[in-house]
Every structure is written in structure tokens, then in C-alpha cells.
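Novice: Sequence below, structure please.
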Amino acid sequence: MSVHIHGIRHHGPGSARSLLEALEALQPDAILIEGPPDAAEVIDLAMHPEMRPPVALLLHVQQEPERAVFYPFAVFSPEWQALRYGLANRLAVRLIDLPQAHRFALESNSPDHKSQIRDDPLQALAEVAGFTDGERWWERLVEERRHSAELFQAISEMMAALRDSARDSATEPENQIEALREAWMRQAIRLAKRDGYERIAVVCGAWHAPVLNVDLDTIPSAKEDAALLKGLPKVKIESTWIPWTNGRLSYQSGYGAGIQSPGWYHHLWTAHDQVTIRWMSHVAQLLREEDLDVSSAHVIEAVRLAETLAILRGQSMPGLGELNDAVQTVLCFGHDLPLQLIHQRLIVGETIGEVPEETPTAPLQRDLQREQKRLRLPVQASDRDLDLDLRKATDLDRSRLLHRLNLLGVCWGKLQDVSGKSSTFHEIWRLRWQPEFSIVLIEAGVWGKTIVEAASAYARHAADRAETLPALTELLDQTLLADLPDAVTHLMSHLQSVAAVASDVSHLMAALPPLANVMRYGNVRQTNTTMIGEVVNGLIVRICVGLPGACASLNDDAAAEMLNHIIGVNSVIRVLQDDQHLSAWHDTLIQLADQSGLHGLMAGHCCRILLEANKFTREEAARRLSLALSNAGDPVQAAAWIEGFLKGSGLLLLHDESLLSILDDWVTTLPDERFTAILPLLRRTFTTFSSPERRKIGERLRQEGVALGKFGSKAHPDHADYDPARAEAVLPLIARLLGLEVKS
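Specialist: Presented below is the predicted three-dimensional model:
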């Protein structure tokens with residue numbers, strides 16, 4: 001009997017290629033792979049014709065789905081190739097790592113201590129070899145090799161020396177989990193020997209290779225390992241396969257390893273010859289697709305430069321560093337921006353894997369897969385914009401599905417802003433699938449077996465836990481978008497109960513805009529809004545009654561918050577176009593505008609709303625503006641009144657000369673100290689205007705000669721000390737300072 005240890009790097013194409021050569025030479029009858037034994041029931045699916053890496057084993061605690069771990073595999077992962085080799089040749093294939101059933105149970109009981117070298121052994125070796133990047137050093141040493149079946153003995157010796165160094169220098173306690181893992185793997189190897197296998201191939205992370213050869217006297221005995229493993233706690237585990245993405249291969253996984261350039265590694269695995277030329281061709285094709293000028297001559301020159309750089313740096317072939325340098329110099333003309341595209345699309349890649357339909361999945365996952373197939377919504381690892389016309393049945397169903405998933409925390413799509421007339425019946429979503437959504441779906445399985453059932457149950461549960469009226473109305477908005485009638489009925493009942501006893505006017509006002517948005521869904525989403533209309537009517541009445549009292553004696557921050565509520569309610573009432581609501585609301589605003597002691601911010605905006613609604617004439621608005629800016633008033637409150645009055649747009653000042661005249665007279669007659677005090681407030685107000693508005697206001701003031709006198713004065717003011725000759729004498733100097741040509 002012989003045991004052959006193959007220490008590899010997880011997700012390494014060179015390691016995978018060397019491993020397959022070693023397996024062909026060894027012809028083993030058993031292959032033992034570092035991996036979770038809990039997944040033994042699903043590993044046969046690796047040979048399914050519909051299985052397309054990158055994929056991952058997903059293991060989670062049966063009663064706590066949020067406690068989960070992923071074991072990713074790319075097509076170039078040595079473990080994946082070993083697994084496929086063993087299954088294809090009908091060999092005994094076993095996963096021999098410490099079961100996740102024990103690891104999950106241990107994680108909550110013991111800390112995971114690691115020495116600095118154990119955190120990244122490749123970095124430590126790279127620094128000894130004179131490299132600053134451990135990944136690039138390993139690539140050059142192992143992954144870019146074409147034939148290296150004899151590599152594993154050297155790797156084992158390197159790691160043995162590194163482990164000795166770590167043991168001598170480490171100051172932290174030894175990693176308990178690592179010790180248990182290695183003891184379990186040794187016991188699994190001993191079990192394979194007892195089962196009569198003659199040629200046993202062990203595939204494990206390079207770090208573990210030196211301590212797994214059970215035939216050596218220096219290795220702990222079976223009795224010692226059994227004592228260490230005795231009495232380990234355990235939890236129930238479920239396992240399955242899920243699609244993975246290239247981008248996620250860089251994350252820490254169940255193997256505790258990630259790679260920075262999965263797309264490049266995939267190229268190293270699939271390109272059997274002319275690696276540099278084929279890579280440059282892919283880069284050129286990508287750049288051409290983005291309308292960048294790349295010719296065949298550019299590609300040839302980039303290949304020559306990459307090969308020259310490799311020779312100068314003492315390498316047998318160009319690595320990713322040399323290729324990137326050549327691409328940036330020749331194909332990108334020295335610019336960094338195209339390199340970002342190359343990194344995203346080629347070096348990392350946007351590949352997402354596939355798993356067969358026979359893969360064990362939770363009921364909620366199966367229902368989502370059916371809906372994705374029915375609605376033709378395939379998952380993608382990259383961003384994808386989806387424009388939905390809600391007047392079409394299929395698009396409406398797609399919208400409902402995405403809103404339901406968002407309710408459940410599966411944020412596959414993010415709703416984008418839509419402006420213009422089409423915003424009432426169009427939705428634009430940005431879709432991007434994340435492998436972690438599989439965990440969220442498993443967790444959401446407690447609410448139901450279908451997306452509709454789970455989303456509806458969750459909405460009812462969230463309604464029962466909501467404590468404020470705004471939270472309830474926001475939830476109702478989401479639930480109506482998701483088209484969950486049972487949940488809507490429950491929510492409306494709860495909403496009416498909470499609204500009936502709510503006394504905080506600001507809460508009532510914050511709750512109104514979401515409900516008004518809901519009122520608009522009746523046209524496109526066929527939503528019954530009768531019950532919602534009753535709640536809206538009641539809220540508006542209570543807001544109109546309670547608003548004057550709620551606005552008394554507010555400080556600056558509270559006044560700013562209340563003003564936002566007033567703006568929101570005013571927008572809602574304008575959209576609803578109900579005469580009774582409009583009349584009651586305008587009467588309330590008139591009462592507010594006349595209220596003694598009202599904060600200037602709200603008083604000014606109330607006047608602005610009433611002016612736009614033709615409840616105040618321009619003469620009345622000018623009178624109130626003049627009173628607010630009189631010298632007898634507080635300049636700070638006057639500035640607040642102006643800010644409220646002009647909030648949102650400066651068009652009033654452009655189209656009403658009387659208002660602009662009053663404002664200008666007030667500013668120009670302020671004493672210096674008062675002007676200095678309110679200047680920041682005025683600047684804050686005017687910076688909210690658009691640049692064209694500010695420019696036109698300035699032009700109007702200049703045209704009317706406001707800067708030199710009262711508004712409307714066309715002539716220069718009569719100053720006794722004004723001397724035109726002296727003024728003209730400085731004009732040539734000013735022209736030179738401004739770089740203007742002086743005409744003689």
C-alpha cells in the first residue's frame with residue numbers, strides 16, 4: 001500500500017495540470033480530496049453534463065440557514081479536476097476534511113487563532129524569493145508551468161520548512177481547528193488503507209501536505225489523533241451545489257483561499273499553446289467591441305513587448321504583469337482606463353456557472369427557478385438593465401417578481417429613477433445576481449414554499465412588528481408593488497388601527513406620500529385603491545386640523561424637517577386633485593402664514609405655495625415679503641423667510657419685477673454688520689437655484705442698474721465726487737490685467 005500526497009493551491013491551473021499528470025502516472029484506486037464529507041451525497045453531480053463551473057458546494061446548518069459556508073470550484077481548480085478524474089474512472093472518491101457538522105459546532109465555542117505566516121504562507125515564501133506579491137510569485141513558480149508532475153515533492157518540502165519556521169516564531173496559540181482538520185484527514189487516510197486500497201492519492205492544500213503522510217514516524221499516531229477528535233460537538237448539515245461567479249472566486253471560501261485573476265487562470269488552463277498571442281487577441285477583441293482602435297500591428301507589437309519584458313525580467317514566458325504592461329503601453333497608449341475594463345471583463349471575468357435541475361434545492365429556490373424560466377429572466381454575474389413596460393403582461397409579472405424578491409431581501413434588481421411621461425408605466429431595473437442570494441432564499445424558506453407565499457407571509461409579519469405609521473405606509477407601498485392582495489388586506493387593517501390613534505402630525509404627514517403613490521397604481525397595476533383612499537382622506541383631515549399647533553415654537557432644525565413634510569403633503573394634494581382636500585389645505589396654509597411667531601422658513605414657503613395656487617395675489621405676496629424684510633424684523637428670520645419663499649426655484653424673481661425690487665431694496669439698505677450676519681444664509685438660498693437661473697437674475701439686476709441704485713433706475717446715480725476723467729484713466733490698466741486688447 002502506498003500513499004501519495006499532492007499539495008496543491010486551491011484554484012490553480014498549473015497545480016491542476018500537474019495533478020492530472022501525476023494521477024495518470026500513478027493510476028490510483030482511491031482519491032482522497034480535502035473537502036467537506038457532509039457533501040458526499042451530492043458530489044456525483046460533478047459529472048452531470050449540465051454542470052458548468054464555476055460552481056460551489058453550499059453547506060448550511062439545517063435549523064440556521066444563515067450559518068453557511070461555500071466551497072467554490074472553477075474548471076481549473078485541482079480539487080475539481082481530481083473529483084472529475086476519479087468519478088470518470090469509477091474510482092473511490094472521498095472528501096476527507098473535518099466535517100462542517102463539527103466545524104459549525106466548534107466555531108461558536110473556540111476562537112480561531114492563526115499565526116501571521118499561516119494567514120498567507122505564499123506571501124512569506126515570496127518575500128524570501130525577493131517578490132512583493134505572493135500570488136504573482138506562485139503563478140510564476142507553479143501556475144504558468146506546462147508540465148510539472150514532479151512538483152509536489154518540492155512543494156511538500158517548502159511547506160515543511162515553512163511550518164517549522166512558523167512553529168518556532170509564532171507567539172499565538174496553535175490553531176485548534178487546523179489541528180483537528182489535519183487529524184481528521186490522517187484518520188481518513190488510515191481508513192482508506194484499512195479498506196484495502198493499494199494506491200491512494202491525497203489531494204490537499206499545500207500547507208497540510210507535510211503532515212498527512214501517515215507512513216512517517218514523525219506524524220502523530222492514530223491513537224493520538226483519535227484522542228484529539230473524541231467527543232466533538234455536532235450539528236445537522238444540509239448540502240447542495242449552487243452557481244458561482246468568477247468575481248466571487250477571489251473571496252475567502254471554505255478553503256480559506258481566493259485568487260485575484262480567475263479569468264487569467266482560466267486562460268492558462270484552456271490555452272494549450274501560444275498563451276501570450278491568444279491572450280493579446282482576446283484583449284484586442286474586447287477593445288474593438290468598445291470602439292477602440294486596435295490593429296493587428298498593435299497586437300504583434302504588444303506580444304513582442306511582453307516577450308521582451310519577460311526576458312529582461314528573467315522569465316521563461318510573459319506573466320500577467322508583463323502582459324498588462326505591454327497592453328497599457330501599446331494597446332491603451334499609456335492610459336489606465338482601458339485597463340480597468342480589461343481587468344473586469346478578462347482578468348477577473350464575468351462568468352457565472354450552472355447547476356443541473358436535479359441538484360437538491362429548497363422549495364423557494366425551485367419556485368424562483370421556475371419563475372425565471374417562465375419570465376425569461378436568466379441570472380447574470382454582470383450588471384444588466386431591464387426596461388419594463390407595465391402595460392404588458394409579461395413585464396408586469398417581471399416587476400412583481402422583482403418587488404417580491406426585494407421584500408424577501410433577495411435584491412437581485414435595483415429600481416432606477418425614471419423621469420418623463422413614461423414614468424407612470426415604465427420601470428427600469430438594474431439586475432446583478434450574487435451567489436449569496438442562495439442563502440437568503442434558504443433563510444426565507446421559513447415564510448413559505450413559493451415566492452408569492454413567502455413574500456406575503458413576510459409582509460404580514462413585518463406589518464405586525466411595525467411600530468410607526470410611516471413604516472407601515474412604506475411597507476404597504478412595497479406590498480402593493482409586489483401584488484400581494486392577502487398581505488395588503490392585513491396591512492390596511494393594521495394601518496387603519498394605527499392611523500386612528502396616531503397623534504404625531506409629523507408621522508401623519510410622513511405617511512401620506514407613500515399612500516398617494518399607491519393611489520396611482522390603479523391605472524397600470526389594476527390595484528383596488530378604495531380602502532387606501534379612505535385612509536388618505538382621514539389623514540388629510542387630521543393633518544389640516546393639527547398642523548398649526550404642530551408648527552408653533554420650532555427651532556431651526558425642527559422647522560426644516562416640518563418644511564419638508566409640508567412640501568411632501570402639498571405635492572400629494574396637488575396630485576390627488578380633490579377640491580375638498582385642496583380647499584382645506586389652502587385654508588390651513590393661510591392660517592399658518594398669518595400665525596404669530598411662525599418660523600420664517602415655513603412662513604415664506606406657505607406664501608410661495610399660496611401664490612402659485614392663486615390664493616395670494618402678487619401684490620399680497622409682495623406685501624408679505626416687504627413686511628418680512630422690514631428693518632424692524634430680525635435679519636436671521638428675514639433670511640429664513642426668503643429661503644422658504646424661494647426654495648426650489650428662482651423663477652419668481654425672474655418674472656416678477658416687484659418681488660425682485662423689494663428683495664434688492666432690503667439687501668442694499670442693510671447695515672454692514674447685519675448684512676455680514678445674514679450673508680451665509682442668503683448664499684445658501686441662492687446656491688439652490690440652477691446656474692441659468694442665477695445667471696439670468698444677475699443679468700436682470702445689471703440691466704436695470706440695481707448695482708448702482710434703486711431697482712428700475714436707468715441712469716447713473718448723481719454723486720458729487722464722481723469724476724469721469726479719473727475713472728477713464730484706470731481703464732487701460734484694468735484691460736491689461738484682464739488680458740484684453742486696448743484700442744487706441
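
Novice: what sits against residue 459?
Specialist: Taking Cβ atoms under 8 Å, 6 or more residues apart in numbering as the definition of contact, the neighbours of residue 459 are 407, 475, 478-479, 482, 484, 487, 490-491. (Glycine included, C-beta is placed from N, CA and C.)

Novice: distance of it from residue 683?
Specialist: If you measure residue 459 against residue 683 using Cβ to Cβ, to the nearest Å, the figure is 46 Å.

Novice: for this protein, which strand is longest?
Specialist: As far as residue count goes, and with DSSP state E defining each element, the longest strand of the chain is strand 64-73.

Novice: Okay, buried residues for that one please.
Specialist: By neighbour count with 16 or more other Cβ atoms under 10 Å, strand 64-73 contains the buried residues 65, 67-73.

Novice: Tell me which other helices or strands that strand touches.
Specialist: When contacts are defined as 3 or more Cβ pairs under 8 Å, 6 or more residues apart in numbering; DSSP states H and E, strand 64-73 sits against strand 55-61, helix 78-88, helix 100-107, helix 437-444.

Novice: at 7 Å instead, please
Specialist: Helices and strands touching strand 64-73, as assessed by 3 or more Cβ pairs under 7 Å, 6 or more residues apart in numbering; DSSP states H and E, comprise strand 55-61, helix 437-444.

Novice: now that strand against helix 100-107, angle please.
Specialist: For strand 64-73 and helix 100-107, the angle between their directions (axes from the mean of the first three to the mean of the last three Cα atoms, to 10 degrees) works out to 120 degrees.

Novice: how distant is strand 64-73 from the center of its chain?
Specialist: 20 Å (Cα atoms, centre = their mean, to the nearest Å).

Novice: what ranges do the helices span in the stretch 601-744 of the chain?
Specialist: Under the criterion DSSP state H, counting those that start in this stretch, the stretch 601-744 of the chain contains helices at 618-628, 635-646, 651-655, 657-668, 672-686, 691-703, 724-729, 731-737.

Novice: Please save the CA atoms from the fourth one in CSV.
Specialist: I take that to be helix 657-668. Written as CSV, here are the backbone C-alpha positions of helix 657-668 (Å, rounded to 0.1, in the frame of the first residue of the first chain):
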residue,chain,number,x,y,z
GLU,A,657,-40.0,92.7,-11.0
SER,A,658,-41.8,93.9,-7.9
LEU,A,659,-40.6,91.0,-5.8
LEU,A,660,-37.1,91.4,-7.1
SER,A,661,-37.3,95.1,-6.3
ILE,A,662,-38.4,94.5,-2.7
LEU,A,663,-35.6,92.0,-2.1
ASP,A,664,-33.0,94.2,-3.7
ASP,A,665,-34.1,97.3,-1.6
TRP,A,666,-33.9,95.2,1.6
VAL,A,667,-30.4,93.9,0.8
THR,A,668,-29.0,97.3,-0.2
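
Novice: Buried residues in it, which are they?
Specialist: Taking 16+ other Cβ under 10 Å as the neighbour-count basis, helix 657-668 is seen to contain the buried residues 659-664, 666.

Novice: Specify which member of the residues you listed is nearest to residue 159.
Specialist: Proximity to residue 159 was ranked across the buried residues of helix 657-668 by Cβ to Cβ; first place goes to residue 663, at 78.6 Å.

Novice: before we move on, the earlier item: is it possible to get a markdown table of the contacts of residue 459 that adds secondary structure and neighbour count?
Specialist: Output for the contacts of residue 459, formatted as a markdown table (DSSP: H, G, I helix; E, B strand; the rest coil; neighbours: other Cβ atoms under 10 Å):
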| residue | secondary structure | neighbour count |
| --- | --- | --- |
| 407 | helix | 24 |
| 475 | helix | 22 |
| 478 | helix | 19 |
| 479 | helix | 28 |
| 482 | coil | 24 |
| 484 | coil | 25 |
| 487 | helix | 26 |
| 490 | helix | 18 |
| 491 | helix | 26 |
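
Novice: Specify which member of these is nearest to residue 305.
Specialist: Of these, the one sitting nearest to residue 305 (Cβ to Cβ) turns out to be residue 407, at 53.7 Å.

Novice: Point out the other helices and strands that the helix or strand encompassing residue 472 packs with.
Specialist: Assessed by DSSP states H and E, residue 472 sits inside helix 469-481. For helix 469-481, the contact count by 3+ Cβ pairs under 7 Å, 6+ apart identifies helix 393-407, helix 451-465, helix 485-501, helix 505-519 as packing neighbours.

Novice: what angle separates that helix from helix 393-407?
Specialist: With the same axes, to 10 degrees as the criterion, the two stretches helix 469-481 and helix 393-407 enclose an angle of 140 degrees.

Novice: quick one on the thing from earlier: closest to residue 610 out of the helices and strands packed on helix 469-481?
Specialist: Go through the helices and strands packed on helix 469-481 one by one with Cβ to Cβ and the one that ends up closest to residue 610 is helix 505-519, at 18.2 Å.

Novice: And the contacts of that closest one?
Specialist: Contacts of helix 505-519 with the rest of the structure, by Cβ atoms under 7 Å, 6 or more residues apart in numbering, involve 468-470, 473-474, 476-477, 480, 502, 529, 532-533, 535-536, 539, 542-543, 546-547, 550, 562, 565, 568-569, 572, 575-576.

Novice: tell me the mean pLDDT over it?
Specialist: Helix 505-519 shows a mean pLDDT of 80.

Novice: What of stretch 137-146?
Specialist: Over the span of stretch 137-146, the pLDDT mean works out to 69.

Novice: And for stretch 635-648?
Specialist: Stretch 635-648 comes out with an average pLDDT of 82.

Novice: CA-only coordinates of that stretch, as PDB, when you get a sec.
Specialist: Listed in PDB are the C-alpha atoms of stretch 635-648, where the atom choice follows Å, rounded to 0.1, in the frame of the first residue of the first chain:
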ATOM      1  CA  PRO A 635     -32.400  89.700   9.900                       C
ATOM      2  CA  VAL A 636     -31.900  86.000  10.500                       C
ATOM      3  CA  GLN A 637     -35.700  85.300  10.400                       C
ATOM      4  CA  ALA A 638     -35.900  87.500   7.300                       C
ATOM      5  CA  ALA A 639     -33.300  85.400   5.600                       C
ATOM      6  CA  ALA A 640     -35.100  82.300   6.600                       C
ATOM      7  CA  TRP A 641     -38.400  83.700   5.200                       C
ATOM      8  CA  ILE A 642     -36.500  84.400   1.900                       C
ATOM      9  CA  GLU A 643     -35.100  80.900   1.900                       C
ATOM     10  CA  GLY A 644     -38.600  79.400   2.400                       C
ATOM     11  CA  PHE A 645     -40.200  81.600  -0.200                       C
ATOM     12  CA  LEU A 646     -37.600  80.900  -2.900                       C
ATOM     13  CA  LYS A 647     -36.900  77.200  -2.000                       C
ATOM     14  CA  GLY A 648     -36.800  75.100  -5.100                       C
END
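
Novice: Give me the residues contacting that stretch.
Specialist: Contacts of stretch 635-648 from elsewhere in the structure, counted by Cβ under 7 Å, 6+ apart, are 563, 599-605, 607-608, 625, 628-629, 652, 663, 670, 674, 677-678, 681-682, 684-685, 688.

Novice: which parts of it are buried?
Specialist: Residues of stretch 635-648 classed as buried under the neighbour-count rule (16+ other Cβ under 10 Å) are 635, 637-647.

Novice: circling back: just the angle between the helix holding residue 472 and helix 505-519, please?
Specialist: Here helix 469-481 runs at an angle of 10 degrees relative to helix 505-519 (the same axes, to 10 degrees).

Novice: quick one: low-confidence ranges for the stretch 1-150 of the chain?
Specialist: 108-122, 135, 143-149 (pLDDT under 70).

Novice: For it, which segments count as strands?
Specialist: Across the stretch 1-150 of the chain, reading from the start of the chain, the strands by DSSP state E, counting those that start in this stretch fall at 2-8, 30-33, 55-61, 64-73, 92-95.

Novice: can I get those strands in a markdown table with distance to residue 509?
Specialist: As requested, the strands of the stretch 1-150 of the chain are arranged in a markdown table below (distance: least, Cβ to Cβ, whole Å):
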| stretch | distance to residue 509 |
| --- | --- |
| strand 2-8 | 63 |
| strand 30-33 | 62 |
| strand 55-61 | 44 |
| strand 64-73 | 37 |
| strand 92-95 | 60 |
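
Novice: Any idea which of those gets closest to residue 498?
Specialist: With Cβ to Cβ as the measure, strand 64-73 is the member of those nearest residue 498 (30.4 Å).
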